[in-house]
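Enquirer: quick one, what's the 3D model for this:
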Amino acid sequence: MITKNKTKDVFLTKKQLQARIEAGTFEEGVIYNTTDEPAGHSLKYENGVLSLLDIDGNAISQVSIESGGVPVLDTLPETPDETTPNVFYCQNNLYVKTEEVIETDVYGVDGVGNESYTLTRTDANVGLDQTSTDLHDFFVANEDVTDSNGNHFVQLKKFYVKITKNVNGSFKYQVSHAQNDDEYFLCPMFYDKDGNEIDYAYYGKYKGYVTSSRLYSQSGKTPTYSTTIDNFMTYARNNNSNEYYAIDWATAFTAQIMFMIVYASTKYDAFFTYRSYGATTGSGGTASTFLGIEDMVGNGFELLVNVSKQNGGSRFYYKDYIGDWTSGAITSGNYFDGAPTSSDYQSKHLYNADKPIATMFPSELDGSSTTFYCDYYYYSANTQLVYWGAYSAFDTYGLFYLNCYYAWSNTNSNLGSRLCAKKLI
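Expert: Numbering: from 1, shown residues only. Below is the predicted model of the structure:
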């Protein structure tokens, strides 16, 4: 049989792999995997040779990149035989001749938004728990990578998300390293500043600390508070790259997804401790650290870049990419509508089939600290600033907590940020 090159571990799209083959930009000893299909083999480059690997990492066939590389066929063979190349191009697609189909793991949870905050594990998530190395390794490539400015990040792997709305208004979330069908969308953290897909993104390991007008992610520091959201974004870019940013809505949404899949819950404080703001970074320990990220919730609220509440209304305006950021509240363009115009615990979230990310914003308020999303939504009519998280251990705060109560220029003493990046310098 012939199948398009598919993969179990995800690094490149077929288009990106083809570009590397044509440009000769392979790294020695690196295994390359494609993301466009739900199953397949990996390819390893070594000593000028690209080897097709089976599921156990053994070489099935080899082609020399340096001596001409992958052949091109004008038509796709209906029945492959011994003359059919093991790896070839046809009509701008990369194909692999295989004897088997390897399914890509899908991890899911169902019942998000039901009254019980405990979710039902589905797909490959059945039988696992939060201690599973499979779940950790699905999301995390490296728990501590450092850039040239001494910032520490958790390197996350690109993944796709499928959100299905149930009849009762709850949701089923599924994640995969492949876009298994048209309903899977790329988790929005994995776009660079210009909207190009990236294989990895970098979540600040520690709460943000500012010195000399630059935002850092470092251990042994007191987080910085009491400055504006626009200042935090400017300080992030002062790391000498516009691929650096102060935490935005897309990164917060990614955190929510990862926690629900790993812990099968919407109640963050059932598993983690919220430290009071002002705690020294690097001292939180396992009680405050999820997937290597310290104080994902706690040790100060985090202002969310690229999203604004409508002044006097029920919309959330947002921008897709950090390269689109401009100072000041967003008052036009993309938006989600239907958010509550009052304050209470969240019970239902928005849904838009064309914009699945709407599910991080509330639509109904009829919950409590132990039901539904377990977190509060604060609203004030004539405000635009949006922030999330916790500054201390209160039941109202958590991974789904949203506050829209203050003016854009607010500099409360418990409002902080976090340095994140699309590409490291």
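Enquirer: quick one: end-to-end length of stretch 161-180, please.
Expert: End-to-end distance for stretch 161-180: 10 Å, by C-alpha to C-alpha, to the nearest Å.
Enquirer: buried set for that stretch?
Expert: For stretch 161-180, burial by neighbour count (16 or more other C-beta atoms under 10 Å) applies to 161-163, 165, 170-180. C-betas here are computed from N, CA, C, even on glycine.
Enquirer: cool, stretch 322-331 as well?
Expert: Result for stretch 322-331 [16+ other C-beta under 10 Å]: buried residues Ile322, Gly323, Trp325, Ala329, Ile330.
Enquirer: now do stretch 119-127
Expert: Quick answer for stretch 119-127 (16+ other C-beta under 10 Å): Leu119, Arg121, Thr122, Ala124, Asn125.
Enquirer: checking my notes, the second one in a strand, right?
Expert: Yes. Looking at Arg121 with DSSP: H, G, I helix; E, B strand; the rest coil, it is inside a strand.
Enquirer: which non-adjacent residue is nearest it?
Expert: Closest residue to Arg121 apart from its sequence neighbours, by C-beta to C-beta, 6 or more residues apart in numbering: Ala264 at 5.1 Å.
Enquirer: dump the residue contacts of the closest residue to Asn125 other than its chain neighbours.
Expert: Sequence neighbours aside, Tyr107 is the residue nearest to Asn125 in space, at 4.3 Å (criterion: C-beta to C-beta, 6+ apart). Going by C-beta atoms under 8 Å, 6 or more residues apart in numbering, Tyr107 touches Asp123, Ala124, Asn125, Leu128, Leu135, Phe138, Gln174, Val175, Ser176, Ile261.
Enquirer: figure out the helix or strand that Ile163 lives in.
Expert: Counting by DSSP states H and E, the element that carries Ile163 is strand 160-165.
Enquirer: where does the residue nearest to Arg121 land on pLDDT?
Expert: Ala264 carries a pLDDT value of 98.
Enquirer: what does it show for phi and psi?
Expert: phi 50, psi 50 (degrees, to the nearest 10).
Enquirer: was I right about it contacting Ser116?
Expert: No. Applying C-beta atoms under 8 Å, one finds Ala264 not in contact with Ser116, separated by 10.9 Å.
Enquirer: higher neighbour count, the two?
Expert: Neighbour count, other C-beta atoms under 10 Å: between Ala264 and Ser116, Ala264 has more, with 22 against 14.
Enquirer: start to end distance for stretch 208-228?
Expert: Counting by C-alpha to C-alpha, you get 13 Å between the two ends of stretch 208-228.
Enquirer: ok, and for it, which residues are buried?
Expert: Within stretch 208-228, the residues scored as buried using 16+ other C-beta under 10 Å are 208-210, 214-218, 221, 223-225, 227-228.
Enquirer: with stretch 128-141 instead?
Expert: Neighbour-count burial for stretch 128-141, with 16+ other C-beta under 10 Å as criterion, is recorded at Leu128, Leu135, Phe138, Phe139, Val140, Ala141.
Enquirer: try stretch 375-390
Expert: Residues of stretch 375-390 classed as buried by neighbour count (16+ other C-beta under 10 Å): 375-380, 383-390.
Enquirer: return the closest of the residues you listed with respect to Met189.
Expert: Trp388 (14.8 Å; C-beta to C-beta).
Enquirer: other residues contacting the helix or strand harbouring the closest one?
Expert: Remark: Trp388 resides in strand 387-390, with elements defined by DSSP H and E. For strand 387-390, the external contacting residues (C-beta under 8 Å, 6+ apart) are 252, 274, 296-298, 300-304, 397-403, 415.
Enquirer: can I get that strand as CSV, trimmed to CA atoms?
Expert: The C-alpha coordinates for strand 387-390 follow below in CSV (Å, rounded to 0.1, in the frame of the first residue of the first chain):
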residue,chain,number,x,y,z
TYR,A,387,-6.6,39.3,33.5
TRP,A,388,-6.6,35.8,34.9
GLY,A,389,-5.2,33.5,37.6
ALA,A,390,-4.8,34.2,41.3
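Enquirer: can you tell me the strand partners of it and which way each runs?
Expert: For strand 387-390, sheet partners with direction are given as strand 300-303 (antiparallel), strand 398-404 (antiparallel), following DSSP bridges.
Enquirer: and it, average pLDDT?
Expert: For strand 387-390, mean pLDDT rounds to 95.
Enquirer: kindly report the same for stretch 351-365.
Expert: Mean pLDDT, computed over stretch 351-365, is 87.
Enquirer: quick one: the strands in the stretch 151-300 of the chain?
Expert: With strands called from DSSP state E, counting those that start in this stretch, the stretch 151-300 of the chain shows them at 152-157, 160-165, 171-176, 185-186, 200-204, 209-211, 214-216, 244-246, 289-290, 293-294, 300-303.
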